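Participant: Have a look; sequence and predicted model below, questions after that.
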Amino acid sequence: QRKSVLLVAGPTGLEQKDPGSNKLLASYFYKDLDGIAEVSDYPGGFVVIKSQFGRMHLFASEGRDEIIKRLQEAAMNHTGLVLRKKDPIKLEKFQTSKFGQFSDDEFITSISEFTVQKLSSRRLEPVRRSLCLTEATLLERDPSTYNIITLKPLGLVAALVRGKENPQMLTIQYTDGENRS
């Protein structure tokens with residue numbers, strides 16, 4: 001499902017913003033990126049590839065070449081990092097490998113699932129999700145479609161923290177500094 005977002009080549013990474021409010025939705029730090037690849041059979045398509053386990057994030061824009069050029073320039077000018085342009089991929093490759101080394105069934109087949117209410121800066125109200133545990137990953141799924149929203153290797157989970165005022169509140173802290181509640 002396509003969503004309209006604003007992409008900014010910021011000083012520390014690619015910033016994904018809400019086009020209406022200019023609110024920051026996600027950051028893809030240059031230091032955490034393995035590279036960028038065009039999606040040859042998807043008009044204006046390109047993916048940013050995270051270095052940790054090869055997770056890919058797909059974007060599309062008529063100004064793809066300019067965006068990639070600005071990202072490479074910003075990475076070099078602000079951080080001294082070279083953001084490599086990789087060989088183009090096909091959309092099917094993205095669809096089958098978007099979770100990088102954790103794309104196989106063994107990493108997305110749950111051994112336990114929990115219904116949760118997720119708090120997110122993207123939404124005003126909590127959203128219903130399924131928190132799924134596999135042998136090697138923690139997944140967040142949309143319960144109505146069962147689509148994977150987020151996949152994190154268990155090795156990246158640093159701590160599970162219960163809320164002091166609300167014992168049902170759980171925050172997952174990751175080794176990269178990210179927190180999800």
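Facilitator: All right, it came through fine.

Participant: Against which helices or strands is the top helix by length along the chain packed?
Facilitator: In the chain, assigned by DSSP state H, the helix with the most residues is helix 64-74. Here helix 64-74 touches strand 6-9, strand 33-39, strand 45-50, going by 3 or more C-beta pairs under 8 Å, 6 or more residues apart in numbering; DSSP states H and E. Quick note: C-beta positions are derived from backbone N, CA and C, even for glycine.

Participant: which one of the ones you listed is the most hemmed in?
Facilitator: Comparing the helices and strands packed on helix 64-74 by mean neighbour count (mean count of other C-beta atoms under 10 Å), strand 45-50 comes out on top with a mean of 22.

Participant: coming back round to it: mean confidence score for the longest helix of the chain?
Facilitator: Helix 64-74 comes out with an average pLDDT of 97.

Participant: where's Gln16, which helix or strand?
Facilitator: Using DSSP states H and E, Gln16 sits in strand 13-17.

Participant: out of the helices and strands packed on helix 64-74, nearest to Glu66?
Facilitator: Closest to Glu66 of these, according to C-beta to C-beta: strand 6-9, at 9.7 Å.

Participant: Against Ile172, how distant is Glu165?
Facilitator: Going from Glu165 to Ile172 by C-beta to C-beta, to the nearest Å gives 18 Å.

Participant: Just give me the neighbour total for Glu125.
Facilitator: Number of residues near Glu125 (other C-beta atoms under 10 Å) recorded here: 7.

Participant: quick one: pLDDT of the most centrally placed residue in the chain?
Facilitator: Taking C-alpha atoms, centre = their mean, the centroid of the chain lies closest to His57, which sits 6.1 Å from it. pLDDT, His57: 96.

Participant: swap in Ser40?
Facilitator: What the model reports for Ser40 is a pLDDT of 97.

Participant: So which residues of this protein form strands?
Facilitator: 6-9, 13-17, 24-29, 33-39, 45-50, 56-60, 85-89, 112-118, 127-133, 137-141, 148-153, 157-162, 170-174, 179-180 (DSSP state E).
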